[in-house]
Structure formats: C-alpha cells, structure tokens
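Participant: just the structure for this:
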Amino acid sequence: MIATLIVAWIVFIILWKLLKATVSSALTIAAILVLLNISFGVTPQDIWNHITQFAQTISQIQIGK
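Facilitator: Model (predicted):
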C-alpha cells in the first residue's frame, strides 16, 4: 500500500513538471508570435511557411547526397 502511494506520488510529480514545462513553452511561443506580429507584421502562417520550406530544403539536400 505504501509503495503504491510512493509510486503514484512520483508519477504525479513527474507529470506536474511536464505540464508546467509544456504550458511555459506554449506561453513563451505565443508571446513571441504576438510580438513578431505587432512589431513586424509577421503572421503565424508566414512562420509556418518558412518552417515547411526549411524542412523541404533539408530533405532535398539529404536526397541529393
């Protein structure tokens, strides 16, 4: 019984830390996107297009080897 509670507590702590890190990262990314939009007029769609183009470029470089 005690071992079960200890394991459950450890799992809870790990999940809590993971949730905090995820929320913190999501809020940071959202703040950066808002600042880019306000400052430079960069939309999330523009950023996504650049990410996909970068991924395609990398895959073409690897295929070309």
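Participant: please enumerate residues in contact with the helix or strand of the chain with the lowest mean pLDDT?
Facilitator: Least confident element among the helices and strands of the chain, by mean pLDDT, DSSP states H and E: helix 44-64 (a mean of 90). Helix 44-64 is contacted by residues 33, 36-37 when judged by C-beta atoms under 8 Å, 6 or more residues apart in numbering. In short, each C-beta sits where N, CA and C put it, glycine included.
Participant: average pLDDT for the lengthiest helix in the chain, rounded please.
Facilitator: When the chain is parsed with DSSP state H, its longest helix is helix 2-40. Averaging pLDDT along helix 2-40 gives 96.
Participant: mind starting the numbering at 219 from now?
Facilitator: Renumbered: residue one is now 219, and that last one reads helix 220-258.
Participant: report the buried residues of that helix.
Facilitator: Of the residues in helix 220-258, none has enough neighbours to count as buried (16 or more other C-beta atoms under 10 Å).
Participant: elements contacting it?
Facilitator: Secondary structure elements in contact with helix 220-258, counted by 3 or more C-beta pairs under 8 Å, 6 or more residues apart in numbering; DSSP states H and E, are helix 262-282.
Participant: list the buried ones in the helix it packs on?
Facilitator: Under 16+ other C-beta under 10 Å, helix 262-282 has no buried positions.
Participant: now the angle from it to helix 220-258?
Facilitator: 110 degrees (axes from the mean of the first three to the mean of the last three C-alpha atoms, to 10 degrees).
Participant: neighbours around V260, how many?
Facilitator: Neighbour count of V260, defined by other C-beta atoms under 10 Å: 14.
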